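Asker: this one's sequence-less:
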């Protein structure tokens, strides 16, 4: 198999095994007859998913597989530009996810919903968070100044699931109130729902534990990482960005 196929196939096996080991459970071997999303859930949860669950995770994999020159993708391209192999480029990309600013947002979305708890607390909780100048997780994006179109894809995927582990009505009301509160608080800086809001709800509904959110994100991203790395290797250009010093000069 080509390296890119090995990487895409290996990532969910490794991710599921690490999560299960962290819980004191034995890893589960992959099943060659199952699709990518279905087998990812089976290896992670230990039980076969329904077709609807597999399609919902597949929707996430498709929407998250590639999204411009984010931190992890750039890391992959920098390493690939040195003519390192794809395994090293993907390893670098994964390391970029270990920081909380990239790949770690869905978990705090659930923390926020847990903290709000019920509908009657929404306004007070959101208003207090904005007064403290806290960041509302699941809102705002470095690229989009409108509603993240991927959020709607995942919202529709969540709606197909027969049951979820949280009140979707509460989540919808939190989203609506937060969008309006942000519009009023920052009228000159549009902040709308991003993909992480419904990513959190979707993965939670699929029974993916919060500690697995980043590994599952990597499972979604690995196809994009390898594509970027291969493209970078084909250009033959070593990435060496200039760094301009803007501080004070010594006397």
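Answerer: The structure has been received and is ready for your questions. Given the structure is predicted, the values throughout are model-derived calculations rather than measurements. Numbers count the residues shown, from 1 in each chain.

Asker: burial of residue 238, as a residue count?
Answerer: By other Cβ atoms under 10 Å, 10 other residues sit near residue 238. In this view, the C-beta of every residue, glycine as well, is placed from N, C-alpha and C.

Asker: Look at it and tell me its secondary structure.
Answerer: Recorded secondary structure, residue 238: coil (DSSP: H, G, I helix; E, B strand; the rest coil).

Asker: Contact partners for the closest residue to it other than its chain neighbours?
Answerer: Nearest residue to residue 238 in three dimensions, chain neighbours excluded: residue 81, at 5.0 Å (Cβ to Cβ, 6 or more residues apart in numbering). By Cβ atoms under 8 Å, 6 or more residues apart in numbering, residue 81 lies in contact with 232-233, 235, 237-239.

Asker: For ChimeraX, write the selection for the buried entries among the residues you listed.
Answerer: Buried subset of the contacts of residue 81, written as a ChimeraX selection, criterion 16 or more other Cβ atoms under 10 Å:
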select :232,233
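
Asker: Can you add distance to residue 184 and pLDDT and give the contacts of residue 81 back as a markdown table?
Answerer: As requested, the contacts of residue 81 are exported to a markdown table (distance: Cβ to Cβ, whole Å; pLDDT from 0 to 100):
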| residue | distance to residue 184 | pLDDT |
| --- | --- | --- |
| 232 | 43 | 94 |
| 233 | 48 | 93 |
| 235 | 46 | 85 |
| 237 | 47 | 86 |
| 238 | 48 | 91 |
| 239 | 42 | 90 |
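
Asker: with the contacts of residue 81 in mind, which one is nearest to residue 201?
Answerer: Distance to residue 201, by Cβ to Cβ, is smallest for residue 232 among those, at 34.4 Å.

Asker: Pretty sure the closest one sits against residue 80.
Answerer: Yes: checked against Cβ atoms under 8 Å, the pair residue 232 and residue 80 is within contact range at 4.3 Å.

Asker: count of neighbours near residue 7?
Answerer: Using other Cβ under 10 Å, the number of residues around residue 7 comes to 20.

Asker: Thought residue 90 was touching it, still the case?
Answerer: Yes: judged on Cβ under 8 Å, residue 7 makes contact with residue 90 at a distance of 5.5 Å.

Asker: so what's in contact with those two at the same time?
Answerer: Jointly contacting residue 7 and residue 90 under the rule Cβ under 8 Å, 6+ apart are 222, 225-226.

Asker: domain assignment for the chain?
Answerer: Per the TED database, the structural domains of the chain span 3-103+209-235, 106-206.

Asker: Going by mean pLDDT, which of these comes out lowest?
Answerer: Comparing mean pLDDT across the domains of the chain, the weakest is domain 106-206, with a mean of 83.

Asker: Distance-wise, check the residue lying closest to residue 3 once chain neighbours are set aside relative to residue 96.
Answerer: In space, residue 3 comes closest to residue 86 once its chain neighbours are excluded; the distance is 4.5 Å by Cβ to Cβ, 6+ apart. For residue 86, the distance to residue 96 equals 16 Å [Cβ to Cβ, to the nearest Å].
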